[in-house]
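> Model the following, please.
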Amino acid sequence: MHPRDSTPWVAPPPSPHPAAPDPLAGVSVAHAGNDGVTLDVRTAAGRTGTLRLRPATDNCLRITLRLAEATKAPRVRVVTAPTHATCAVERSPDTLTLHLGSLALHVHLSPLVLELTTCHTRQATDVSDPGGRTTVLPLGVSELADGQLAYHDSWITGPDEHFYGLGERFTGPDLRGQRVDCWVQDAQGSTGTRSYKAVPFLLSSQGYAVLVDTTAAASFDLAHSNTGAWSLTVPDEVLDYYLITGTPAECLRTYRDLTGPALLPPDWAFGPWISGGFRRDSAAEVRERAHRVRELGFPCSVLHIDTYWQRHGCWSDMEWDAEAFPDPRGLMTDLAGQGFHVSLWMNPYLSVDSPYFTEADRNGWFLRTGSDTTWIGQVWGGAHPDSAVLDLTHPGADDWFRGRVRQVLATGVSVLKTDFGEAVPVAAVAHNGMTGDRLHNLYPLLFNDLVAEVTREVAGHGLTWSRSTWTGGQRHGAKWTGDSNASWQDLASTLRAGLSLSFSGQPFWSHDIGGFHGTPDPELFVRWAQFGLLSPLSRFHGMTSRLPWDFGEEAYTAVLHAARLRTSLLPYVRSAAADAVRTGEPLARPMALDHPGRPDAHAADLQYLLGPDLLVAPLYAPGGRRQVWFPPGRWRPYDGGRDPVTGPRWQHVELPLATAPLWVRAGAHVV
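Below you'll find the model as predicted:
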């Protein structure tokens with residue numbers, strides 16, 4: 001029990017309340033060939049179905065289990081498997097073995113157990129407590145309270161195994177011991193287990209990964225209920241997942257092959273972004289900020305205008321506030337002439353106070369309830385009028401919203417910040433027949449796909465700066481980690497969330513420098529700015545001012561130094577970003593990515609490599625001191641002010657306020 005558990009404007013996942021597990025109990029071989037193996041299966045309760053094991057790539061096997069009585073409903077696949085892969089199958093009376101390049105899988109037929117021999121792991125089917133009760137969910141199904149089925153599977157966990165991925169995780173990149181629901185939610189901060197970005201992609205330190213093809217609320221029990229096994233549960237009509245082998249980097253490359261490459265942001269997006277903040281704004285104030293930036297010579301590529309470019313309470317109308325911004329085209333022209341790109345805020349909801357609400361409601365452009373009325377609810381934390389959610393599966397709503405986006409971009413805006421997208425309730429019904437339990441996680445993809453496509457049409461690129469996402473969301477480019485508090489604790493949890501995104505196939509993440517809520521003190525602001533300006537993408541934004549010159553002369557000098565350092569690193573960062581798109585590996589590389597066999601690398605979860613040659617260890621507590629793990633190699637301070645360090649080793653470091661937490665691999669030429 002916790003007060004945050006009942007927050008009314010955070011759309012909760014379904015509550016399954018399953019009955020006892022019904023495991024697979026009988027199996028016969030229906031087909032075995034170079035296209036894989038098909039098994040006819042029967043559960044302990046007599047349900048029948050098909051288990052298929054098919055090659056997807058030379059290090060990836062697709063596993064699908066479908067029972068005949070599973071309820072069929074509209075669903076969308078978010079993974080595209082290659083069709084050219086083949087495998088070799090060896091047969092004996094009790095075993096089949098599939099060979100796919102670097103992957104070998106034994107299929108023991110009686111009883112049915114899959115064994116991934118290349119990684120020394122197998123399905124967990126007989127893990128019991130002292131009373132003989134099963135403590136894991138075996139391959140099979142459980143019937144839910146509404147009569148639908150939830151599929152599940154479990155695998156043995158090594159005593160020293162670590163788990164990563166599953167999207168944005170503020171609790172830390174290493175998920176061992178946790179139970180994680182992949183359900184996109186308005187996290188209302190950065191201090192809990194909820195997250196804005198969920199990706200059902202699990203990465204193990206033992207040389208394998210799992211990607212589940214679903215938009216339902218996949219749940220992962222990672223040695224939480226039983227320290228000897230991990231389990232996945234999927235309340236969908238089919239269990240469809242990909243078993244991948246290789247190093248963490250190789251597994252991420254295969255994730256890229258299955259879900260598509262990340263979008264490479266345009267060059268200007270890698271420079272600093274500066275926001276006027278979540279506050280009333282005007283053309284005059286934007287011009288003044290632009291003048292001040294250029295007058296001071298502070299590096300800045302993008303000026304962001306948040307919600308108040310629109311009328312208060314009409315924050316999804318996609319219409320300039322004519323009183324505050326009487327000539328938006330003229331403003332955009334002026335800013336472009338000074339070398340700025342402009343970013344604007346938007347979301348996919350319409351307030352009941354919007355002048356467009358009645359038209360949209362009459363046309364059926366909103367998500368409906370089960371009783372066929374428009375779903376209306378609180379999506380703004382209780383601070384603004386109720387809203388409805390645009391049904392982006394409805395052709396009319398899609399066309400109308402595209403027109404609004406196109407109209408705004410045509411004024412000269414470069415990019416849109418696609419906020420929210422997490423509010424679809426389980427009980428909602430969409431025009432295409434999808435229910436909220438399937439649409440909820442898919443919705444951020446529909447929202448960002450729409451905005452990205454129009455942006456590409458009008459502005460020549462497909463970048464969005466988004467808060468929520470699901471599998472494949474790397475195709476939209478930039479992500480930021482939501483509404484953190486201005487605190488040292490939230491700086492650390494934001495860093496950990498970013499590294500979780502790196503492990504989840506999302507290479508271009510950012511955050512609100514200084515935190516979103518509250519006002520940071522000068523030391524916190526400087527250390528957060530140093531972290532932000534050494535992140536994949538960089539933006540100053542918050543509820544109060546995050547203009548660097550508003551925090552005192554000493555702080556401004558330190559932040560200006562970090563911003564100029566960012567500018568000097570841009571050729572290196574852009575090159576490393578292009579490599580990330582090509583390979584599927586992240587731009588910000590967690591220590592465990594390159595060193596999965598080193599216990600010290602798994603402990604170093606508050607630092608990363610930016611590209612291959614820059615070590616970044618942000619300060620996450622006041623006082624200018626921290627422990628840094630230096631990976632193998634020789635590392636020199638970027639400013640030459642201290643002695644080089646030879647790793648692997650932990651070392652205590654002290655950094656003056658104006659010194660960025662950055663080391664360079666010896667022999668690399670990046671600054």
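> From here on, just use CA atoms for contacts and neighbour counts.
Will do.
> Spatially nearest residue to residue 650, not counting backbone neighbours?
Spatially, and ignoring its direct neighbours in sequence, residue 650 is nearest to residue 629 (4.3 Å; C-alpha to C-alpha, 6 or more residues apart in numbering).
> Likewise for residue 242?
residue 62 (4.4 Å).
> quick one, strands of the stretch 351-500 of the chain?
376-377, 387-389, 415-418, 464-466, 477-480 (DSSP state E, counting those that start in this stretch).
> Quick one: closest of those strands to residue 125.
strand 477-480 (38.9 Å; C-alpha to C-alpha).
> same for the closest one, what does it pack against?
strand 464-466, strand 509-510 (3 or more C-alpha pairs under 8 Å, 6 or more residues apart in numbering; DSSP states H and E).
> Buried residues in it, which are they?
Burial within strand 477-480, assessed by neighbour count using 16 or more other C-alpha atoms under 10 Å, is assigned to 477-480.
> Among these, which pair sits farthest apart?
Longest span within those, C-alpha to C-alpha: 477 and 480, 10.4 Å.
> Quickly list what's touching both of these two.
residue 465 (C-alpha atoms under 8 Å, 6 or more residues apart in numbering).
> Would you verify that residue 27 is located in a helix?
No - counting by DSSP: H, G, I helix; E, B strand; the rest coil, residue 27 falls outside a helix, being strand.
> For burial, what's the neighbour tally of it?
19 (other C-alpha atoms under 10 Å).
> Kindly report the same for the one 4 residues further on.
As a burial measure, the neighbour count of residue 31 was computed by other C-alpha under 10 Å and equals 12.
> Reformat the helices and strands packed on strand 477-480 as JSON lines; add mean pLDDT and mean neighbour count.
Listed next are those as JSON lines, based on pLDDT from 0 to 100; neighbours: other C-alpha atoms under 10 Å:
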{"stretch": "strand 464-466", "mean pLDDT": "98", "mean neighbour count": "26"}
{"stretch": "strand 509-510", "mean pLDDT": "98", "mean neighbour count": "26"}
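> How about the contacts made by residue 439?
By C-alpha under 8 Å, 6+ apart, the neighbours of residue 439 are 215-216, 424, 430.
> what do you get for residue 192?
Contacts of residue 192 by C-alpha under 8 Å, 6+ apart are 170-171.
> Swap in 10 Å and give it another go.
4, 169-171, 493 (C-alpha atoms under 10 Å, 6 or more residues apart in numbering).
> quick one: secondary structure of it?
coil.
> Equivalent analysis for residue 151, please.
From three-state DSSP, the assignment for residue 151 is strand.
> circling back: surely the residue nearest to residue 650 is in contact with residue 617?
Yes - when contacts are counted by C-alpha atoms under 10 Å, residue 629 is listed as touching residue 617 (8.7 Å).
> between those two, which one's more packed in?
residue 617 (25 against 22).
> Can you give me the neighbour number for the residue nearest to the more buried one when sequence neighbours are not counted?
The shortest distance from residue 617 to any non-neighbouring residue, by C-alpha to C-alpha, 6+ apart, is to residue 607 (4.4 Å). Using other C-alpha under 10 Å, residue 607 has 25 neighbouring residues.
> Low-confidence bits of the protein, can you list those?
1-6, 8-9, 671 (pLDDT under 70).
> how does it look with 80?
1-10, 15-19, 126-129, 132-134, 313, 381-383, 671 (pLDDT under 80).
> Surely the residue nearest to residue 650 is in a helix?
No - if the criterion is three-state DSSP, then residue 629 is strand and not within a helix.
> contacting residues for it?
591, 600-601, 603-608, 615, 617, 647-652.
> Go through those and flag which are in strands.
608, 615, 647-652 (DSSP state E).
> As a quick check, tell me the outermost residue of the chain.
Distance from the centre of the chain peaks at residue 93, with 44.6 Å (C-alpha atoms, centre = their mean).
> who's in contact with it?
Taking C-alpha under 10 Å, 6+ apart, we find residue 93 in contact with 108-110.
> out of those, which is most surrounded?
residue 109 (18 neighbours).
> about what we covered before: same list, the buried residues of strand 477-480, but as CSV with distance to residue 225 please.
Putting the buried residues of strand 477-480 into CSV (distance: C-alpha to C-alpha, whole Å) gives the following:
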residue, distance to residue 225
477, 36
478, 35
479, 32
480, 32
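> Closest one to residue 440 out of those residues, please.
Of the buried residues of strand 477-480, the one sitting nearest to residue 440 (C-alpha to C-alpha) turns out to be residue 479, at 18.5 Å.
> what about that closest one, distance to residue 160?
32 Å (C-alpha to C-alpha, to the nearest Å).
> Please identify which of the strands of the stretch 351-500 of the chain is closest to residue 326.
Using C-alpha to C-alpha, these put strand 415-418 closest to residue 326, at 20.0 Å.
> how about residue 97, secondary structure?
Per three-state DSSP, residue 97 ends up strand.
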